[in-house]
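Trainee: Have a look; sequence and predicted model below, questions after that.
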Amino acid sequence: MKRGLVLLIAVSVAVLFVIATLTYTLTMSKPENDGPPPPPVIPRSREKAIAQAREILKKYKRVTIEYVRKKYGLEPTPPSRRDIQDFLSRNEFGLIAAFGDVYVLDPETGKVVKKFTKSDWYKIKVGDRILVISHMITFEGEYIATLIDEEVLAKKIWYTENGRRECKNYFLPEFRGWLVMNVRP
Amino acid sequence: MKLRHKIVILGLVLLAVSLIATLEKVYATEIYHVSGSFTYLGDSNYVAHLGTWHYVTHAVYDITYETYPPSTGVCLYVWDMTDSETVRTRYCAYEYGRIYASHTPAFYACTELAALFSDAPGWHDSWITIETPYDC
């Protein structure tokens, strides 16, 4: 019995050793890198962040919540302080960032049908529309505005110098709006 | 110390080594270098598809670009997708020629797509370095 136990342990050790060796070898064979690049060193300020946000908002039309409700049949959800803090704790960026949800629009009515999912990525066709509702914040977590991006899937076809046909699909902005909501606690 | 005790201790040590090696493998990262020109689309839109990655736990985008005239109106779009949820994040350049974003999805992203977008004319070229954990 004891001999069997010792044998079992010895075999387990041998198996583990092989696994450890293989794993370690595979790990070491991966390309080495110097780790993530250092974050930007240029001093950041709230004023710079607001100025950049203003530049972006210039390309957007100011709309109301009622407009969004009527046009897209969607009740926009305001960001919460928790959402913003969660985003800041997970991500690092320069001055401003915007995060939000993506929706599928009905091709005929233009209303929101459902949230965009991974499977929609493979179903979507050229001419189909999506809606992105994203909340723009500064690097300090100050909420600035909510952006409304209606985009249409477009196809770009071009020919290389060798005459080869290239084709890619992109989302093109169809409508851009912005509004300000009250941040939830 | 009896032989079987030594064997058990050796086994535990090897188990620890195995676990450490496995963990190191899970959280290892890989650097991609992507370069290319930006594609012009109608209505003054310029787009560059940077890449698609799967099972991303964290990504660092350190992007350099050139435009003429110089513009900071360049933004990085990152799409995080699972089967049931999609989130899009936009990071904009705050110094000419560079976008830095350290990005962790709100959930474990099955697929992450990244693209640059700008309405600034005169794109030259871009040199893009992306670092993501790899799926193995």
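Mentor: Received, thanks. Residues are numbered from 1 along each chain as shown, chains lettered A, B, ... in the order given.

Trainee: how about the strands in chain A?
Mentor: For chain A, strands defined by DSSP state E occupy the ranges A:61-62, A:92-93, A:96-105, A:112-115, A:129-138, A:143-159, A:165-179.

Trainee: The third one pairs with which strands, parallel or anti?
Mentor: Strand A:96-105 has the following strand partners under DSSP bridges: strand A:112-115 (antiparallel), strand A:129-138 (antiparallel), strand B:86-92 (antiparallel).

Trainee: Could I get the ones you listed in CSV, plus columns for mean pLDDT?
Mentor: Listed next are the strands paired with strand A:96-105 as CSV, based on pLDDT from 0 to 100:
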stretch, mean pLDDT
strand A:112-115, 95
strand A:129-138, 96
strand B:86-92, 94
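
Trainee: right, and A:Asp101 touches A:Lys115 too?
Mentor: Yes. The pair formed by A:Asp101 and A:Lys115 meets the contact definition of CB atoms under 8 Å, at 6.2 Å. Bear in mind the C-beta positions are built from the backbone N, C-alpha and C, glycine included.

Trainee: For these two, list the residues in contact with both.
Mentor: Counting by CB atoms under 8 Å, 6 or more residues apart in numbering or on different chains, the contacts common to A:Asp101 and A:Lys115 are B:Thr86.

Trainee: Looking only at neighbour counts, state which of these two leads.
Mentor: A:Asp101 (18 against 14; other CB atoms under 10 Å in any protein chain shown).

Trainee: While we're on the more buried one, how confident is the model there?
Mentor: For A:Asp101, the pLDDT comes out at 95.

Trainee: quick one: low-confidence ranges for chain A?
Mentor: A:1-41, A:156-160, A:165-167 (pLDDT under 70).

Trainee: go again using 80 as the cut-off
Mentor: A:1-42, A:154-170 (pLDDT under 80).

Trainee: that older thread, make JSON lines from the strands paired with strand A:96-105 and add distance to B:Lys6 to it.
Mentor: Shown next, in JSON lines, are the strands paired with strand A:96-105 (distance: least, CB to CB, whole Å):
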{"stretch": "strand A:112-115", "distance to B:Lys6": "58"}
{"stretch": "strand A:129-138", "distance to B:Lys6": "58"}
{"stretch": "strand B:86-92", "distance to B:Lys6": "53"}
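
Trainee: and A:Met181, which of those strands is closest to it?
Mentor: Of all the strands paired with strand A:96-105, strand A:129-138 sits nearest to A:Met181, with 8.3 Å by CB to CB.

Trainee: How far does the closest one sit from its chain's centre?
Mentor: Relative to the chain's own centre, strand A:129-138 is displaced by 10 Å; criterion: CA atoms, centre = their mean, to the nearest Å.

Trainee: Quick test: name the residue nearest the centre of chain B.
Mentor: Residue closest to the average C-alpha location in chain B (CA atoms, centre = their mean): B:Ala59, at 3.2 Å.

Trainee: For that residue, name its beta-bridge partners.
Mentor: Bridge pairing for B:Ala59 - DSSP bridges - gives B:His103.

Trainee: Quick check: which of the strands of chain A is nearest to B:Lys2?
Mentor: With distances scored as CB to CB, the stretch of the strands of chain A nearest to B:Lys2 is strand A:92-93 (53.6 Å).

Trainee: helices or strands up against that closest one?
Mentor: The contact analysis (3 or more CB pairs under 8 Å, 6 or more residues apart in numbering or on different chains; DSSP states H and E) places strand A:92-93 against strand B:98-103.

Trainee: got the angle between the strand it packs on and strand A:96-105?
Mentor: For strand B:98-103 against strand A:96-105, the angle by axes from the mean of the first three to the mean of the last three CA atoms, to 10 degrees is 70 degrees.

Trainee: Contacts made by strand B:98-103 with the rest, please.
Mentor: With CB under 8 Å, 6+ apart as the test, strand B:98-103 has contacts from A:36-37, A:39-40, A:90-94, A:97, B:58-65, B:74-76, B:78, B:89, B:91-93, B:116.

Trainee: picking up where we left off before, could you dump the strands of chain A into a markdown table and include distance to A:Ala49?
Mentor: Formatted as a markdown table, those follow (distance: least, CB to CB, whole Å):
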| stretch | distance to A:Ala49 |
| --- | --- |
| strand A:61-62 | 19 |
| strand A:92-93 | 10 |
| strand A:96-105 | 5 |
| strand A:112-115 | 29 |
| strand A:129-138 | 4 |
| strand A:143-159 | 8 |
| strand A:165-179 | 16 |
